[in-house]
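K.L.:
Predicted coordinates and the sequence they were generated for:
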Amino acid sequence: MIAKTYHIIKLVPALLLVGTFLFACENDVKEVEEMTSHIKLPVEVATDVDLTYSEYGIIKVRLKGKKMERYDGNNPYLEVKDGITIFFYDSIGVESSRLDAKYAINRINEKIMEARYDVVVSNSKNEKLYTDHLIWDENERILKSEEFVKIQTEDEIVTGKGFEAAEDFSWYKVKNVSATINIKEEKDSLNGEEDIR
């Protein structure tokens, strides 16, 4: 009898402990939804992405990225966090320009893509644009920014705050120009100095 009482006394605290855990872990579904509603998770994740957009069988844009996440909802978007390269092609399918960045977000409904962090745009004329923030407006087919930009050509370097350009970087306009350095004159004067020696 003492042994039975001893086992019951041992069993009561264990049952109380298990009961406490079971009832403490009970959650209301609405409570859980409220707690997690601000967390947005991707509906798709892809690695080593290589997407091609073409019209009438001619490649127009090619996108390469290490990791792409797609988010749904009222304002769906694609996000590339680990580096992105976008190739733009002309009417006969020849690469005309290229955009590289560490991060990009494409707002699908708005047809706006933003590139950030070490953004470089280059074209077939060996012209390069450097900035930390760039917006590609797919509807207007332009690149733009209100941030600091540096454009380097074979002849000069132009810096300023803000710019607008064709998506193929065939033309561009720098706003609020802060400096223009003529490289050709610098090279010519260096060559002249070297010839004198």
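P.N.:
All right, it came through fine.
K.L.:
Can you verify my assumption that Glu44 contacts Pro76?
P.N.:
No - using C-beta atoms under 8 Å as the test, Glu44 is too far from Pro76 to be in contact (10.7 Å). Glycine gets a C-beta too; all of them are placed from N, C-alpha and C.
K.L.:
Mind listing the residues bridging to Asp100?
P.N.:
Counting by DSSP bridges, Asp100 forms beta bridges with Thr85, Val120.
K.L.:
Report how many residues lie close to it.
P.N.:
A count of nearby residues for Asp100, using other C-beta atoms under 10 Å, gives 15.
K.L.:
Walk me through the domains of the chain.
P.N.:
Domains of the chain are assigned by automatic domain parsing as 2-36, 44-196.
K.L.:
And Glu44 and Pro76? Which one has more around it.
P.N.:
Pro76 (13 against 10).
K.L.:
Gly160 versus the closest residue to the more buried one other than its chain neighbours, what's the distance?
P.N.:
Distance criterion C-beta to C-beta, 6 or more residues apart in numbering; nearest residue to Pro76, sequence neighbours excluded, is Ile108 at 4.7 Å. Ile108 sits 31 Å away from Gly160, going by C-beta to C-beta, to the nearest Å.
K.L.:
Packed most tightly, which of the domains of the chain would that be?
P.N.:
Mean neighbour count (mean count of other C-beta atoms under 10 Å) peaks for domain 44-196 among these, with a mean of 15.
K.L.:
avg pLDDT for that one?
P.N.:
For domain 44-196, mean pLDDT is 85.
K.L.:
circling back: overlap of the contact sets of Glu44 and Pro76?
P.N.:
Arg70 (C-beta atoms under 8 Å, 6 or more residues apart in numbering).
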